[in-house]
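*Asks:* just to be clear, the model below is a prediction. Sequence and coordinates:
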Amino acid sequence: MLNYTSKIRETARRLLTENRVDAVIGFKKGTVPMMCQPVLITTPEDVDTLYWDSFCGVNLANYLPKRKERIAVVAKGCDSRNIALHILENQIERDQVFVMGIPCKGMVDRRKIVTALDNQEPLEVTEDADRLVVRGEDLERPFNKADVLQDNCAICIHRNPVICDELMGDPVPEQEGIDRYADVRELEAMGPDERWNYFEDLVGPCIRCYACRDACPLCYCPTCFVDESRPQWLGKSIDPTDTLTFHLLRAFHCAGRCTDCGACERACPMGIKVRQFTKKLEKDVMELYGDEAGMSLETRPPLDVYQPDDPGDFIS
């Protein structure tokens, strides 16, 4: 994916020079290994700042809601699905955004590499199509990318952008035969008490920093329910009941809209697998409505519409 950098820069320079957009949202190389930083470029002279590698995992669709200018954005498959949702939910106009599509084979999870290095400090990372080499003082460690992908990327079945104005590379093969919900079925097989204890333990380390909410492209409400004071829905401490309530309600707000981009887990400083909430709801929406979020500009999220033949077995 490194060869996308030159194409991203070329496209951004052309769009800005021809005055087709006012700004470009992409990535620049971070100041430490295995980190890339979102950046907004407004002049052709700055496009050489743009960069791409296997650590560009932030979902850039998060920066689009309520923007007024014409804007180009670098978008992986999951990012493009969130852009489609933003268009459907009137957060941005379709003719306002230029999608620079990235065919993606998955983002690398830096935490997996750091864990494998056992506290050795990485100073440099190089990569090719399928491998990474991490170097440091008295350290040189190769990794297969497939072994250190983010969990959501390892089971992704929509690697190519679903909406796109220009691709930055050739489409990549989509993964087939992937079981996306094996972990969800394990949870469903638990008894009620066991399942409740599982989720209590899951969010036990949560410090209520709201990084998962802030990183999520779906959480664009002007005032989040956790910040409301009239009425006050939740306390402000890390009381276990309030903490679990926050995660449950946030997941339900994302029901039928989540693209499983992994932004929530990537942002969590405590390493909590918060996708366990949203994946269960994703599975339910697929089984009840046959819908995947953000796959089309013609189909609104299923919980955003009413049809006379909607399933109603739960109504007694």
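*Replies:* On my side now, so go ahead. Residues are numbered from 1 along each chain as shown.
*Asks:* mind pulling up the pLDDT for the residue lying closest to residue 264 once chain neighbours are set aside?
*Replies:* Of all residues not flanking residue 264 in the chain, residue 212 sits nearest, at 3.8 Å (CB to CB, 6 or more residues apart in numbering). Quick note: C-beta positions are derived from backbone N, CA and C, even for glycine. Residue 212 is assigned 94 on the pLDDT scale.
*Asks:* ok, now residue 224?
*Replies:* Reported pLDDT for residue 224: 87.
*Asks:* which ones are touching it?
*Replies:* 210, 213 (CB atoms under 8 Å, 6 or more residues apart in numbering).
*Asks:* against residue 284, how distant is residue 266?
*Replies:* 24 Å (CB to CB, to the nearest Å).
*Asks:* quick revisit: tell me which helix or strand the residue nearest to residue 264 sits in.
*Replies:* helix 211-215 (DSSP states H and E).
*Asks:* next up, phi/psi of the residue nearest to residue 292 when sequence neighbours are not counted, please.
*Replies:* Distance criterion CB to CB, 6+ apart; nearest residue to residue 292, sequence neighbours excluded, is residue 286 at 6.6 Å. Taking degrees, to the nearest 10, you get phi -60, psi -40 for the backbone angles of residue 286.
*Asks:* follow-up on the earlier one: quick one: which of residue 266 and residue 284 has more around it?
*Replies:* Using other CB atoms under 10 Å as the criterion, residue 266 and residue 284 rank with residue 266 on top: 20 against 14.
*Asks:* export the strand or helix carrying the more buried one to PDB, keeping only CA atoms.
*Replies:* Using DSSP H and E, residue 266 sits in helix 263-267. The C-alpha coordinates for helix 263-267 follow below in PDB (Å, rounded to 0.1, in the frame of the first residue of the first chain):
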ATOM      1  CA  ALA A 263     -12.200   3.200  15.400                       C
ATOM      2  CA  CYS A 264     -13.600   2.700  18.900                       C
ATOM      3  CA  GLU A 265     -11.200  -0.100  19.800                       C
ATOM      4  CA  ARG A 266      -8.200   1.600  18.200                       C
ATOM      5  CA  ALA A 267      -8.800   4.700  20.300                       C
END
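*Asks:* which other helices and strands contact that helix?
*Replies:* helix 211-215, helix 275-289 (3 or more CB pairs under 8 Å, 6 or more residues apart in numbering; DSSP states H and E).
*Asks:* how far does the last one sit from the chain's center?
*Replies:* Between the centre of helix 275-289 and the centre of its host chain there is 16 Å, according to CA atoms, centre = their mean, to the nearest Å.
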